[in-house]
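Chemist: got a predicted structure here, sequence first:
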Amino acid sequence: MAVVAVGVVRMEWILNDGRRQVLRIHFKGDALSGPYRFSGVRPIAVTGGALHLIKERDLYRCHKWRPDRTVWQHAAMSECRDNRVTQAMLLGQFTATEKIATFLSDLAERIGVPRGNAVMVELQMKRDDIADYLGLNTETVSRQLGRMRAAGLLDLPKPGEGTIRNRENLRALSPFTGDSPL
């Protein structure tokens with residue numbers, strides 16, 4: 001198991017025909033679990049960064065001294081399972097607008113920095129990474145972001161930076177209620 005200490009890591013799956021599916025985008029503090037049952041699944045650094053590697057025997061040793069530490073391990077495993085279910089719904093059931101709104105809402109929850117009524121997020125991944133994560137093409141991602149910007153939901157002042165201006169209206173475009181499940 002590994003935990004992202006610094007930076008952004010994407011988990012991607014390369015299919016036999018060369019197509020790519022981004023399975024998850026991990027930020028600081030997120031756990032990467034493995035091994036994966038499918039060949040071709042691998043972690044790729046999106047930005048410079050570092051991982052803390054945790055050996056399984058160290059988790060067991062830690063549990064011996066601090067039984068409450070297994071709660072963290074179970075929470076990480078549960079989060080991975082929930083993310084797989086949510087990703088399946090995201091890919092199979094949502095419209096392009098719903099996918100982008102859910103993705104941006106998730107970023108706001110996970111890495112957003114409040115700025116008054118707005119939330120600033122670093123968009124450190126490329127649009128093709130976002131497209132492969134959401135099961136869209138890059139042009140659709142660009143069009144949807146443009147529509148959301150025109151609607152006053154977000155600003156994209158420069159590459160790698162975004163400001164969600166109206167979080168509640170953005171969240172209303174997502175089929176999920178309450179906290180983002182991604």
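Modeler: Looks like it came in fine.

Chemist: could you check how far the residue nearest the centre of the chain is from Leu32?
Modeler: With distances taken as CA atoms, centre = their mean, Ile25 lies nearest the centre of the chain, 3.8 Å away. Taking CB to CB, to the nearest Å as the criterion, Ile25 is separated from Leu32 by 11 Å. In this view, the C-beta of every residue, glycine as well, is placed from N, C-alpha and C.

Chemist: what residues are shared contacts of the two?
Modeler: 9, 11 (CB atoms under 8 Å, 6 or more residues apart in numbering).

Chemist: hmm, back to that, now do the SS call for the residue nearest to the centre of the chain.
Modeler: Of the three states, Ile25 takes strand according to DSSP: H, G, I helix; E, B strand; the rest coil.

Chemist: the residue nearest to it when sequence neighbours are not counted - how many residues pack around it?
Modeler: The spatial neighbour of Ile25 that comes closest, neighbours along the chain excluded (CB to CB, 6 or more residues apart in numbering), is Arg10 at 5.1 Å. Arg10 has 21 neighbours, counted by other CB atoms under 10 Å.

Chemist: quick check: Arg10 is in a strand.
Modeler: Yes: under three-state DSSP, Arg10 sits within a strand.

Chemist: that one: what's it in contact with?
Modeler: So Arg10 contacts 22-26, 43-44, 46, 125, 129, 133 (CB under 8 Å, 6+ apart).

Chemist: separation between Pro114 and Ala131?
Modeler: Taking CB to CB, one finds Pro114 at 28 Å from Ala131.

Chemist: more neighbours: those two, which one.
Modeler: More crowded of Pro114 and Ala131, by other CB under 10 Å: Ala131, with 20 against 10.
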